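>>> Need the 3D shape of this:
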Amino acid sequence: SRRGIRSYTINSLGQLTRQRNPEVKVTRPLPASHTDQLQGDYRHQPVDDVAHRLGSLLTEKQLKRYRTARRRIRSYFGSAAAINQVSVTVGARPTSLGLLCGFVIQVAGNNDRQKGLHASEGYCFPAGGEADPAVPLIHVLRDLHMLQLEQVRADLFVIPPAALELCQLLMAAPPPVPLDPLVGALERLLRATPRLSVNPCVKGRFYDSMQKKLLQLERNPADEVTRVDFAKIARCMADNSVTTPAVDDSEF
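The predicted structure follows:
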């Protein structure tokens with residue numbers, strides 16, 4: 001059918017017609033605003049001190065990089081409140097240099113006509129040579145918290161079977177016994193990410209893309225592959241002497 005606004009016009013015979021005028025296009029209504037009132041404070045309001053702990057381990061250069069990434073994400077969607085969903089692909093590959101971990105974060109907004117944003121990706125080797133299945137998960141959850149996306153609905157698609165099993169086990173029920181430091185850090189990060197769902201990733205374009213990237217970095221490690229001290233992260237997560245800041249820590 002011809003598109004356009006239904007209108008009353010006179011045709012060539014002088015008759016009134018209700019045919020659509022193709023020169024006047026129909027536009028879809030804009031999506032409703034995500035908020036109906038002004039807020040007193042638009043700063044990020046963390047529900048846990050996890051980001052403060054993680055931020056205390058980073059250099060000023062790393063913190064600046066996260067601040068820039070957060071501004072880029074907010075600018076793309078208009079505001080933090082317009083962010084609707086996060087999708088993450090998590091991969092890992094044993095290599096001669098250690099366990100190569102990787103993740104890709106995609107972010108979508110409330111407006112279904114707006115393309116999603118490739119928000120972040122990262123690749124690392126554990127500085128201590130750890131091959132624990134918790135490591136690739138800690139790696140990506142650190143980024144979610146530092147990007148202030150931990151309160152957004154997030155779907156985690158995990159490629160390594162051992163990492164998937166561990167994550168599902170920790171999310172199913174509180175652990176009954178004291179945990180290994182790395183597993184304890186992961187459990188703390190999972191608790192602080194309340195809208196997270198975990199799914200297996202065994203095929204598809206995101207699976208293929210991650211596996212291809214990890215293989216490429218194994219053969220030719222690039223500057224984008226960093227070294228992360230996961231043991232230090234685990235100690236910081238368990239340190240009871242770390243106090244929650246009295247003010248919002250969003251500038252971390």
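
>>> Tell me where this structure has strands.
5-6, 9-10, 16-17, 20-21, 83-95, 98-109, 117-126, 153-158, 196-200, 225-228 (DSSP state E).

>>> Residue 128 contacts residue 229, correct?
Yes: counting by CB atoms under 8 Å, residue 229 is a contact partner of residue 128 at 6.8 Å. Where C-beta positions appear, they are placed from N, C-alpha and C, glycine not excepted.

>>> List just the one of the strands of the chain that sits closest to residue 53.
Among the strands of the chain, the nearest to residue 53 by CB to CB is strand 225-228 (14.7 Å).

>>> just to revisit the earlier point, just put the strands of the chain in a markdown table and tack on mean neighbour count and distance to residue 172.
Rendered in a markdown table, the data for these read as follows (neighbours: other CB atoms under 10 Å; distance: least, CB to CB, whole Å):
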| stretch | mean neighbour count | distance to residue 172 |
| --- | --- | --- |
| strand 5-6 | 11 | 54 |
| strand 9-10 | 10 | 65 |
| strand 16-17 | 10 | 65 |
| strand 20-21 | 16 | 56 |
| strand 83-95 | 21 | 18 |
| strand 98-109 | 22 | 22 |
| strand 117-126 | 19 | 26 |
| strand 153-158 | 21 | 15 |
| strand 196-200 | 16 | 10 |
| strand 225-228 | 16 | 27 |
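
>>> Under the pLDDT cut-off, which ranges of the protein? List them.
Of all residues in the chain, those with pLDDT under 70 make up the ranges 1-9, 19-42, 176, 241-252.

>>> where do the helices sit along it?
For the chain, the helices defined by DSSP state H occupy 50-55, 60-77, 134-146, 161-172, 181-191, 205-219, 230-238.

>>> does residue 108 really touch residue 84, like I thought?
Yes: with contact defined as CB under 8 Å, residue 108 reaches residue 84; the gap is 5.5 Å.

>>> right, so the helices of the chain: which one is the most enclosed?
Highest mean neighbour count among these (mean count of other CB atoms under 10 Å): helix 134-146, with a mean of 25.

>>> Check which helices and strands it sits against.
Packing partners of helix 134-146 (3 or more CB pairs under 8 Å, 6 or more residues apart in numbering; DSSP states H and E): helix 50-55, strand 83-95, strand 98-109, strand 117-126, strand 153-158, helix 161-172, helix 181-191, helix 230-238.

>>> still on that earlier bit, mind putting the strands of the chain into JSON lines with distance to residue 177?
Formatted as JSON lines, the strands of the chain follow (distance: least, CB to CB, whole Å):
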{"stretch": "strand 5-6", "distance to residue 177": "67"}
{"stretch": "strand 9-10", "distance to residue 177": "78"}
{"stretch": "strand 16-17", "distance to residue 177": "79"}
{"stretch": "strand 20-21", "distance to residue 177": "69"}
{"stretch": "strand 83-95", "distance to residue 177": "25"}
{"stretch": "strand 98-109", "distance to residue 177": "25"}
{"stretch": "strand 117-126", "distance to residue 177": "24"}
{"stretch": "strand 153-158", "distance to residue 177": "24"}
{"stretch": "strand 196-200", "distance to residue 177": "22"}
{"stretch": "strand 225-228", "distance to residue 177": "27"}
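
>>> right, so of those, which gets closest to residue 206?
strand 83-95 (4.6 Å).

>>> Which strands or helices does the closest one pack on?
Applying 3+ CB pairs under 8 Å, 6+ apart, one finds that strand 83-95 makes contact with strand 98-109, helix 134-146, strand 153-158, helix 205-219.

>>> between the ones you listed, which gets nearest to residue 59?
Of all the helices and strands packed on strand 83-95, helix 134-146 comes closest under CB to CB, at 12.7 Å.

>>> Restrict the closest one to CA atoms and write it as CSV.
The C-alpha trace of helix 134-146 is given here as CSV (Å, rounded to 0.1, in the frame of the first residue of the first chain):
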residue,chain,number,x,y,z
ALA,A,134,37.3,-17.5,37.7
VAL,A,135,39.9,-15.3,36.0
PRO,A,136,38.1,-14.5,32.6
LEU,A,137,34.9,-13.7,34.6
ILE,A,138,36.7,-11.4,37.0
HIS,A,139,38.3,-9.7,34.1
VAL,A,140,35.0,-8.7,32.4
LEU,A,141,33.1,-8.0,35.6
ARG,A,142,35.8,-5.5,36.6
ASP,A,143,35.1,-3.6,33.4
LEU,A,144,31.3,-3.7,33.9
HIS,A,145,31.7,-2.0,37.3
MET,A,146,34.3,0.5,36.2
